[in-house]
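A.B. asks: fold the following, please.
(chains A and B, ligands or ions: 2)
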Amino acid sequence: MPSQAPIVAKELTIAYGDVVIQRDLTFTVRMGEIFVIMGGSGCGKSTVMRCLTGLKAPSKGQVLLEGISFWESSQATRDRIARNIGVVFQGGALWSSMTLGENVSLPLHEFTDLHSREIRDLASLKLSLVGLAGFEDYYPSEISGGMRKRASVARALALDPKLLFFDEPSAGLDPVTSSLLDDLILELRDSLGTTMILVTHELPSIFSVADNCIFLDGETGTMIASGDPKRLKNESQDPKVQAFLTRGDKNRTG
Amino acid sequence: MTEATDNALAPCELGFDRPDQETLVVRLSGSWTLQNKCPSADRVLKEIASGPRVARIAFDAAAMTDWDSGFLIFLTRVIDACSKDGVAAYTKGLPEGARKLLALAATVPEKKGIGKGAIRASFLSRVGEETVDFFLSSREILDFIGEAFVAFTRFVAGKARFRGSDLTRILQDCGIEALPIVSLISLLVGLILAFVGAIQLMLFGAQIYVADLVGIAMVRVMGAVMTGIIMAGRTGAAFAAQLGTMEVNEEIDAFKTMGISPMEFLVLPRILGLTLMMPLLCLYADLMGILGGLIVGVGMLDLTAVEYYNETRAAVSLNNLWIGLFQSMVFGVLVAVAGCLRGMQCGRSASAVGDAATSAVVTGIVSIIVATAVITVVCNVLGI
Ligand SMILES: Nc1ncnc2c1ncn2[C@@H]1O[C@H](COP(=O)(O)OP(=O)(O)OP(=O)(O)O)[C@@H](O)[C@H]1O
Ligand SMILES: [Mg+2]
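C.D. replies: Ligands and ions are numbered 1, 2, ... in the order given. Just a heads-up that it's a prediction; the model follows:
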């Protein structure tokens, strides 16, 4: 079975108006891997993710999702591709006029022919996966920030997507919950074979989960390193990469 | 007189030394705080400019008692000016904390060029930009209307996806819940029309024509226009605020990444809901307006209710009613489109939501008035 790389970025340049955020990004995310996008605050990680998830058109270059050039295909194709993608936004982005149960079941209602009963059970299952069993009837405004983040993971999982994007999944979570989330990410990859793209600053999670990573630099607006983070830490000569990766190591051990 | 209170700050003073030809030592003493009027940086610059050429500048802060941000501003001004003139600044003599803060402020990690609007553009280029913006925003509006129309055709073809429960909620919100305010306003408008008309008509003893005046005016335009304006302020603004907040919280992005069209899921039910409810509200407003006229007629002009009713029936043709209802439907579309458009265009901040709501009301009302003018002229030309 020829396994197509789920994401290939070719010479992506992304800009807001005239301000280029990142230029000439080229990388490949392989099937089933956990891929981390790193970089300092404000360097454009979320922006790159918006480009990969179909929210912001690049000003140059291509995004191939499962071999199809996303930004050059028709709206119908894009919508079809979008169904295989789950996104956890930096702020959660739960639909505030719906309960958690409805949030998770909406995609199921939209894109499957299951009965309401089955959908309800599935939604409860997904919520219990992230430790929110019994919260089906709560509105997003009635739960804490960390719970919202987890609920939004449950929603992203609703359709068992092949590609899962996380923008800073552990921001605002306590260390225990955050490491539970790391475990969940690993578990999902191992049991469902989901390919994950993570934006994160959390070094412990980078070292414990990532197979591959890219490092974006805000000052030059380019990618300055890529590869296995553990190897990068030992081998990279770039002072910025070193500073980023070893700083976290110090924090972790000391 | 000078030491008036016991917690008075030690006055800050500036002195200069020239240990050699090329070095200037700035002596700082006293308390350099914002409340205490510190000497300005210009005094140092003047000192540099006067006398022989200075290559180095150093500081002596041994006599300084305390300092705050005011001191830092003074220092950055001096150091900036010096570096422009090619004068080296040695900060060794400064307090340790001030040196650290200076170093911190000097590193600029954020990328430049993103903070737009920092440069004040000239008048001409601003006019140019505004013009270009105007055309771009007209294009956006056309795009939006086009997309909304496509969503509507998909709805007609039975392919659009949205939740029925959303539509019912919107129907309720634009219908029943708007009744109290619509009643109040239309009743008063009917009263006012009748009152103003009555004073003139009484001069000729033609009071009975108040019924014609109020009936035709309400049914043909005023009912539709008044409900339109009420709904622009009430529902148009609400639509813009709802969608704007969703945009700010990335909820709309969440729909898009799932392949659910926000146009169908969010905008379509709102446009449908308001367009369906507007004619009903308008009909109701017409009746309330006529009731207002009746109150004046019976209370002030000694007409009987039956007389008033018969006169109204004779005066108001069915044509007037159709035109009024048609107008109100058009207004429904306009108000809903304006509200949704401004909501979807909303920026990513809380104040942007407020702007979106305001802009939705303005756009709604302006388009209602323009549409009324157009429809009136067209009806006139067609002779209806
Ligand atoms: N809508 C926008 N218009 C213009 N510039 C923007 C916009 N959104 C983001 N930017 C700019 O793009 C840059 C990258 O932003 P982005 O949100 O991608 O950063 P990030 O790497 O995700 O940061 P963080 O780690 O803090 O979330 C920032 O400098 C920001 O100022
Ligand atoms: Mg971000």
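A.B. asks: residue B:161 is in contact with residue B:260, correct?
C.D. replies: Yes. The criterion here is CB atoms under 8 Å, and residue B:260 meets it with residue B:161 at 7.0 Å. For glycine as for every other residue, the C-beta is placed from the backbone atoms N, C-alpha and C.
A.B. asks: in whichever strand or helix holds residue A:207, what counts as buried?
C.D. replies: Assigned by DSSP states H and E, residue A:207 belongs to helix A:203-209. Of all the residues in helix A:203-209, those buried under the rule 16 or more other CB atoms under 10 Å in any protein chain shown are A:203-207, A:209.
A.B. asks: again, but for stretch A:206-221
C.D. replies: If you call a residue buried by 16+ other CB under 10 Å, then stretch A:206-221 has these buried ones: A:206-207, A:209-218, A:221.
A.B. asks: re the thing from before, overlap in contacts, residue B:260 and residue B:161.
C.D. replies: residue A:110 (CB atoms under 8 Å, 6 or more residues apart in numbering or on different chains).
A.B. asks: compare the two (neighbour count), which wins?
C.D. replies: residue B:260 (21 against 15; other CB atoms under 10 Å in any protein chain shown).
A.B. asks: mind listing what the nearest residue to residue A:65 once chain neighbours are set aside touches?
C.D. replies: Nearest non-adjacent residue to residue A:65, counting by CB to CB, 6 or more residues apart in numbering or on different chains: residue A:81, 5.3 Å away. By CB under 8 Å, 6+ apart, the contact set of residue A:81 is A:54, A:65-66, A:68, A:70, A:73, B:259.
A.B. asks: in JSON lines, list those along with distance to residue B:176 and pLDDT.
C.D. replies: Shown next, in JSON lines, are those (distance: CB to CB, whole Å; pLDDT from 0 to 100):
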{"residue": "A:54", "distance to residue B:176": "39", "pLDDT": "89"}
{"residue": "A:65", "distance to residue B:176": "46", "pLDDT": "88"}
{"residue": "A:66", "distance to residue B:176": "49", "pLDDT": "85"}
{"residue": "A:68", "distance to residue B:176": "48", "pLDDT": "88"}
{"residue": "A:70", "distance to residue B:176": "45", "pLDDT": "89"}
{"residue": "A:73", "distance to residue B:176": "45", "pLDDT": "89"}
{"residue": "B:259", "distance to residue B:176": "34", "pLDDT": "85"}
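A.B. asks: ok, those vs ligand 2, which is closest?
C.D. replies: The closest of these to ligand 2 turns out to be residue A:54 (CB to the ion; 17.0 Å).
A.B. asks: which of the residues in the longest helix along chain A are buried?
C.D. replies: In chain A, assigned by DSSP state H, the helix with the most residues is helix A:175-192. Across helix A:175-192, burial judged by 16+ other CB under 10 Å covers A:177-182, A:184-185, A:188-189.
A.B. asks: go ahead and confirm residue B:298 touches residue B:307.
C.D. replies: No. The criterion here is CB under 8 Å, and residue B:298 misses it with residue B:307 at 9.1 Å.
A.B. asks: who in the stretch 101-250 of chain A is up against ligand 1?
C.D. replies: Nowhere does the stretch 101-250 of chain A come near ligand 1, counting by CB under 6 Å from any ligand atom.
A.B. asks: residue ranges with poor pLDDT in the stretch 1-150 of chain A?
C.D. replies: Residues of the stretch 1-150 of chain A meeting the criterion pLDDT under 70: A:1-3.
A.B. asks: in it, which residue sits closest to ligand 2?
C.D. replies: For the stretch 1-150 of chain A, CB to the ion, closest residue to ligand 2: residue A:46, 3.1 Å.
A.B. asks: what sits against that residue?
C.D. replies: Each residue near residue A:46 by CB under 8 Å, 6+ apart is listed here: A:90, A:167, A:199.
A.B. asks: would it count as being in a helix?
C.D. replies: Yes. Residue A:46 sits within a helix when classified using DSSP: H, G, I helix; E, B strand; the rest coil.
A.B. asks: if I look at residue A:110, how far off is residue B:127?
C.D. replies: 47 Å (CB to CB, to the nearest Å).
A.B. asks: of the two, give the one with the bigger neighbour count.
C.D. replies: Neighbours were counted for residue A:110 and for residue B:127 using other CB under 10 Å; residue A:110 has more, 18 against 11.
A.B. asks: do I have it right that the more buried one meets residue B:255?
C.D. replies: No. Look at residue A:110 against residue B:255 with CB under 8 Å: they stay out of range, at 9.9 Å.
A.B. asks: show the contacting residues for residue 241.
C.D. replies: Assuming you mean chain A. With CB under 8 Å, 6+ apart, residue A:241 has these contacts: A:215, A:224-225, A:232.
A.B. asks: nope, chain B
C.D. replies: Taking CB under 8 Å, 6+ apart, one finds B:343, B:353, B:356-357 in contact with residue B:241.
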